[in-house]
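Participant: Need the 3D shape of this:
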Amino acid sequence: MITMKRKKITILFLGGAKRVSLAEKFIEEGKKKKLDISIFSYELEENVPISFIGKIIIGLKWNDENLYAHLLEAIELNGINIVIPFLDYATVVAAKLKRVINNVDVFIPVSDENRCAVFFNKSLANDWCAENDIKTPSNLEEYPLIAKPITGSASKGILILESSEDLDKIDKRENYLIQKFIRGKEFSVDIYVSPRTNNIISIVPRERIETQGGESIKSITVKSSRLVSFSKEIIEKSKLVGPITLQLIEESETKDIYFIEINPRYGGAVLNSIYAGANSVEFLLNDFLKIENSYNEVWQDRFLMIRRFSEYYKICK
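Facilitator: Numbers count the residues shown, from 1 in each chain. Now for the predicted structure:
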């Protein structure tokens with residue numbers, strides 16, 4: 001019996017240290033497409049969870065002047081076919097890499113460098129929303145307020161300001177975006193836009209029921225035409241592509257929806273929407289293989305995801 005040899009595909013995660021489940025999903029989807037997928041991850045150290053299912057490339061810091069030369073060398077040496085960012089600033093790095101790389105066969109499903117830079121900076125993103133009539137918590141006349149580090153992530157460094165005295169205590173206020181503190185339900189919206197056609201393929205809102213370190217550890221999908229329409233407007237105006245995670249909040253009393261932030265990358269809890277039926281891993285591989293994707297809204301409403309810790313063990317040298 002003659003068996004067809006699987007096509008080998010190598011995927012490089014930029015900062016994918018903890019994204020083991022998503023890496024496993026790429027490998028699983030690859031098998032369905034007769035692809036033998038290998039995962040590499042660009043990290044500052046070897047002992048990270050993804051090292052148990054993939055290979056680690058010890059890399060440089062994002063601000064190192066030799067970063068792009070090192071990335072290009074790693075891509076060529078390891079025969080990388082796809083590059084995917086998993087950290088906020090890694091989106092900017094991937095976008096620049098996409099611009100400077102000469103190998104047209106390397107697929108980097110991210111937006112352009114300018115757009116990634118705007119949405120990495122919360123102040124610039126807030127300005128963009130004002131210019132594009134996207135509703136944000138802009139009323140600063142009533143307390144409490146919330147102060148967010150302009151280039152922060154994972155909810156680190158956020159301050160709740162209960163009075164003008166709290167506001168006056170902030171050192172280097174220019175490093176913070178200050179907004180009205182909204183009480184209500186928080187939503188992440190997992191979105192995939194085809195980088196090849198610029199068409200929106202899926203929009204899946206999910207309520208953030210419980211979070212840890214800025215990421216959802218318990219969330220549930222919500223079929224809401226209001227949330228989908230609001231998200232679609234933002235994506236069409238931003239012209240972002242690839243995997244995208246949008247953060248929204250619905251105020252408890254008024255039910256008004258506000259833009260919080262957007263990250264042009266996979267979110268930490270994106271598997272919730274993937275297993276609900278909006279399989280953005282399949283969509284991305286289809287784009288790489290030049291297989292047409294079409295808009296998909298056939299995903300399960302009220303699909304709950306609960307994340308857990310899982311351990312790996314090894315003897316270190």
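Participant: Show me which residues of the lengthiest strand in the chain are buried.
Facilitator: The strand that spans the most residues within the chain, counting by DSSP state E, is strand 200-212. For strand 200-212, burial by neighbour count (16 or more other C-beta atoms under 10 Å) applies to 200-208, 211. Just so you know, the C-beta spots here come from the backbone N, C-alpha and C atoms, and that holds for glycine as well.
Participant: repeat for stretch 88-105
Facilitator: Of the residues in stretch 88-105, those buried (16+ other C-beta under 10 Å) are 88-98, 101.
Participant: Same question for stretch 255-267.
Facilitator: Quick answer for stretch 255-267 (16+ other C-beta under 10 Å): 257-267.
Participant: Tell me both backbone torsions, phi and psi, for Leu167.
Facilitator: phi -60, psi -40 (degrees, to the nearest 10).
Participant: for the closest residue in space to it that isn't next to it in sequence, what are its contacts?
Facilitator: With sequence-adjacent residues excluded and distances taken as C-beta to C-beta, 6 or more residues apart in numbering, Leu167 is closest to Leu161, at 5.1 Å. Residues counted as contacts of Leu161 (C-beta atoms under 8 Å, 6 or more residues apart in numbering) are 143-147, 167, 170, 178, 181.
Participant: try 7 Å this time
Facilitator: 143-145, 147, 167 (C-beta atoms under 7 Å, 6 or more residues apart in numbering).
Participant: Quick one: the strands in this structure, in order.
Facilitator: Under DSSP E, the chain gives strands at 7-14, 35-43, 55-58, 82-85, 145-149, 159-161, 176-180, 184-193, 200-212, 215-221, 242-251, 257-263, 304-306.
Participant: Based on its surroundings, how many neighbours for Ser188?
Facilitator: 26 (other C-beta atoms under 10 Å).
Participant: about what we covered before: what residues are bridge-paired with the residue nearest to Leu167?
Facilitator: Per DSSP bridges, residues listed as beta-bridge partners of Leu161: Leu145.
Participant: ok so, going back, from the buried residues of strand 200-212, pick the one nearest Lys156.
Facilitator: Among the buried residues of strand 200-212, Thr211 lies closest to Lys156 (C-beta to C-beta), at 12.7 Å.
Participant: Spit out the contact partners of the closest one.
Facilitator: With C-beta under 7 Å, 6+ apart, Thr211 has these contacts: Ile217.
Participant: And it, how far from Glu186?
Facilitator: Here the criterion is C-beta to C-beta, to the nearest Å. By it, Thr211 lies 8 Å from Glu186.
Participant: Neighbouring strands of the longest strand of the chain in the sheet, and parallel or not?
Facilitator: strand 184-193 (antiparallel), strand 215-221 (antiparallel).
Participant: give me the number of residues near Ser111?
Facilitator: 25.
Participant: before we move on, what about Asn199?
Facilitator: 13.
Participant: May I see the buried residues of stretch 255-267 organised as TSV, with pLDDT and distance to Ser294 added?
Facilitator: Output for the buried residues of stretch 255-267, formatted as TSV (pLDDT from 0 to 100; distance: C-beta to C-beta, whole Å):
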residue	pLDDT	distance to Ser294
Ile257	98	27
Tyr258	98	31
Phe259	98	27
Ile260	96	29
Glu261	95	29
Ile262	97	24
Asn263	96	25
Pro264	97	22
Arg265	98	23
Tyr266	98	21
Gly267	95	23
